[in-house]
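> This is the structure alone, sequence omitted:
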């Protein structure tokens, strides 16, 4: 376990900027669906979405909390590039193994259920 303490220093101005960025992102999404509902061109509705999200990112960049979050997001993307992804052949083999295991497990559970059903209903209770 880590014994490091986490200090969060945030001014009310930063909190206001983050709230404003969230509102801008929501406004972009709402604008997208509103314009889509009015059967406006797809470019217009997509433009509203992109503009809202871009405005939200710009507002976030102006706050210390937002810059830390965006830095964290960049680092997360950088880490995903370091992942060693399986080849198509390996992925197919792993998927086949998973499916085979599921089938075997389903048969095992079905068999266990039938044995318990026979023991409880036929042998112990005498129901048929």
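Yep, that arrived. Predicted model only: the values in this text are computed from it and were never measured.
> from here on, contacts and neighbour counts on C-alpha atoms
Fine.
> Low-confidence bits of this protein, can you list those?
Scanning the chain with the threshold set as pLDDT under 70 gives 1-10, 128.
> how does it divide into domains?
As given by the TED database, the domain ranges for the chain are 12-82, 86-127.
> Packed most tightly, which of these would that be?
Compared across the domains of the chain, domain 12-82 shows the largest average neighbour count, a mean of 16 (mean count of other Cα atoms under 10 Å).
> Assign residue 49 to helix, strand or coil.
helix (DSSP: H, G, I helix; E, B strand; the rest coil).
> begin at 39 from here
Sure, I'll start counting at 39 from here, so that last one is residue 87.
> which residues of the chain fall in helices?
Remark: helices assigned in the chain by DSSP state H are 50-75, 80-99, 102-119, 126-155.
> Kindly reformat these as CSV containing distance to residue 161.
Below are these laid out as CSV (distance: least, Cα to Cα, whole Å):
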stretch, distance to residue 161
helix 50-75, 62
helix 80-99, 66
helix 102-119, 57
helix 126-155, 9
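> looking at those, which is closest to residue 165?
helix 126-155 (10.5 Å; Cα to Cα).
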